[in-house]
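J.: okay, here's the prediction I keep looking at, along with the sequence it came from:
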Amino acid sequence: MSGVLLSLLLGLQASGSPSPALQHLHAGVEAEKNGQLDAALVEIQKATQLDPKLAVAFVDLGDVYIEKRDYAAAIPPLKRAIELSPSLEGAHRLLGYALLAQGYASEAIPHLEKAHEADALGIALLEAGRLPDAVTVLQKALAQNPNDPDLLYYYGRASGLLSKQVFDELEARFPDSARAHQMMAQDYAALRDVPAAEREFLEALRLRPETAGLHLEFGELYARAQQWDKAAEQFQLETEAQPGSPEAFYRLGEALVQLGKFHEAREALAHSDKLKEDMPETLYMLGKAAAMDGDDGLAQKSWEHLLRVEKDTELAAQAHFGLAGIYRKQGKTADADREIEEFRKLQGSAGHTDDSPK
């Protein structure tokens with residue numbers, strides 16, 4: 001029994017000597033607290049029969065049915081409780097849950113709204129197809145409970161369905177637009193169909209070459225396909241179109257590292273770091289480019305900076321690994337061994353020696 005309902009019951013008992021209905025209700029509550037759900041049902045049903053207007057008894061009857069996972073049986077007594085006392089928030093909460101559990105999402109919504117149950121309300125809105133409302137409510141619920149995996153799942157599902165709904169409308173209403181071709185390119189890219197995605201990106205650029213982010217997405221397609229020369233070309237175009245984008249310069253630097261153009265990569269990555277400081281990916285790649293270009297000082301500085309930003313990530317592990325190599329070259333054996341130990345701790349393995357610096 002919820003705290004509100006228990007308070008109501010105690011109030012009724014305190015108003016005078018308990019009636020037979022209240023005596024049975026009290027016995028039912030005690031049985032419920034002890035996990036004796038069948039006995040609780042018998043006692044609470046007697047209470048509803050002796051006093052058909054005792055709303056709190058119908059609420060607790062529904063509550064016990066819900067505990068037994070018999071949601072269909074919970075609905076009638078909960079509806080009766082609301083008929084008797086429309087302001088009983090606990091009755092609305094339980095009825096909303098029972099209806100939602102039975103698939104009656106639309107019918108559950110007004111009850112969950114009255115009970116201020118944001119998490120269940122968001123799920124009901126999602127199941128009822130009211131996607132914009134569901135996204136809004138679930139986002140608020142997730143802000144209050146950020147570590148709830150179920151909420152995160154439903155928020156992601158609602159957002160994804162809403163996005164698909166919007167994109168379907170875009171494709172239906174504006175099939176020949178640059179954005180429609182961009183959307184198709186993204187879909188093909190997700191399917192790893194590089195030729196089809198390439199065709200759609202090129203058409204989108206033909207129709208609207210100034211579109212921000214389009215060269216970046218195009219470059220990412222090539223990067224995933226390990227076509228680094230084409231990726232670098234697209235990232236370079238994005239830096240020219242968006243000179244204030246740290247991601248574009250980072251992506252360009254990453255591609256140039258893959259192409260072995262370490263000095264050019266350093267310049268792009270240093271500019272990315274200037275545009276937005278403390279980006280771990282940029283700091284790691286800048287250190288790598290500098291090390292490959294023979295500038296151990298900049299590499300050490302970049303990786304040490306990364307480790308001040310991140311402690312327990314894969315990038316942090318790689319930074320420790322890189323620093324170990326630098327210290328080894330400097331003859332600082334103890335420092336190198338310390339960094340290797342940190343690397344192994346983060347890798348979760350004491351035997352990762354294939355790439356150990358010499």
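T.: Structure received. Numbering: from 1, shown residues only.

J.: going forward, measure contacts between C-alpha atoms and count neighbours the same way
T.: Will do.

J.: backbone dihedrals for residue 241, both of them.
T.: phi -80, psi -30 (degrees, to the nearest 10).

J.: and residue 313, by the same measure?
T.: According to degrees, to the nearest 10, residue 313 has phi -120, psi 170.

J.: I'd say it and residue 347 touch.
T.: No. Using Cα atoms under 8 Å, residue 313 is not in contact with residue 347; the gap is 9.0 Å.

J.: compare those two (neighbour count), which wins?
T.: More crowded of residue 313 and residue 347, by other Cα atoms under 10 Å: residue 347, with 17 against 13.

J.: now do the same contact list for the more buried one.
T.: 314, 317 (Cα atoms under 8 Å, 6 or more residues apart in numbering).

J.: for residue 303, see how far away residue 293 is.
T.: 15 Å (Cα to Cα, to the nearest Å).

J.: who has more neighbours, those two?
T.: residue 303 (26 against 19).

J.: for that one, which non-adjacent residue is closest in space?
T.: Nearest non-adjacent residue to residue 303, counting by Cα to Cα, 6 or more residues apart in numbering: residue 319, 5.2 Å away.

J.: do I have it right that that neighbour meets residue 307?
T.: Yes. With contact defined as Cα under 8 Å, residue 319 counts as touching residue 307 (7.2 Å).

J.: and the next helix or strand past the helix or strand hosting residue 90?
T.: Using DSSP states H and E, residue 90 falls within helix 89-101. Next helix or strand after helix 89-101 toward the C-terminus (DSSP H and E): helix 105-115.

J.: neighbouring contacts of the next helix or strand after that next one?
T.: Following helix 105-115 in sequence order, the next helix or strand is helix 118-127 (DSSP H and E). Residues outside helix 118-127 that contact it (Cα under 8 Å, 6+ apart) are 97, 100, 105-106, 108-109, 112-113, 131, 133-135, 137-138, 140-142, 151, 154, 158.

J.: what subset of those is buried?
T.: 97, 100, 105-106, 108-109, 112-113, 131, 134-135, 137-138, 140-142, 151, 154, 158 (16 or more other Cα atoms under 10 Å).

J.: where is the longest helix in this structure?
T.: helix 149-173 (DSSP state H).

J.: give me the buried positions along that one.
T.: 151-152, 154-155, 157-159, 161-162, 167, 170-171.

J.: spatially central residue in the chain, please.
T.: For the chain, the residue nearest the mean C-alpha position is residue 152 (4.5 Å; Cα atoms, centre = their mean).

J.: pretty sure that one sits against residue 140.
T.: No. Applying Cα under 8 Å, one finds residue 152 not in contact with residue 140, separated by 11.3 Å.

J.: on that earlier part again, the longest helix of the chain: what's the following helix or strand?
T.: Trace forward from helix 149-173 with DSSP H and E and the next one is helix 178-190.

J.: which residues touch that following helix?
T.: Against helix 178-190 from outside (Cα under 8 Å, 6+ apart): 167, 170-171, 174-175, 194, 196-201, 203-205, 207-208, 214, 221.

J.: filter these down to the buried ones, PyMOL style.
T.: Command for PyMOL, covering only those of the contacts of helix 178-190 found buried under the criterion 16+ other Cα under 10 Å:
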select buried, resi 167+170+171+194+197+198+200+201+203+204+205+214+221
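
J.: just the ones of the contacts of helix 178-190 in helices?
T.: Those of these lying in helices (DSSP H): 167, 170-171, 194, 196-201, 203-205, 207, 214, 221.

J.: returning to that earlier point: who's in contact with the residue nearest to residue 303?
T.: Per Cα under 8 Å, 6+ apart, neighbours of residue 319: 284, 303-304, 306-307.

J.: now, of the residues you listed, which are buried?
T.: Using 16+ other Cα under 10 Å as the burial test, those include 284, 303-304, 306-307 as buried.

J.: surely residue 293 is in contact with residue 264?
T.: No. Contact criterion Cα under 8 Å: residue 293 and residue 264 do not qualify, at 9.7 Å.

J.: quick one: the closest residue to residue 68 other than its chain neighbours and residue 97, what's the gap?
T.: Spatially, and ignoring its direct neighbours in sequence, residue 68 is nearest to residue 37 (7.3 Å; Cα to Cα, 6+ apart). According to Cα to Cα, residue 37 and residue 97 sit 19 Å apart.
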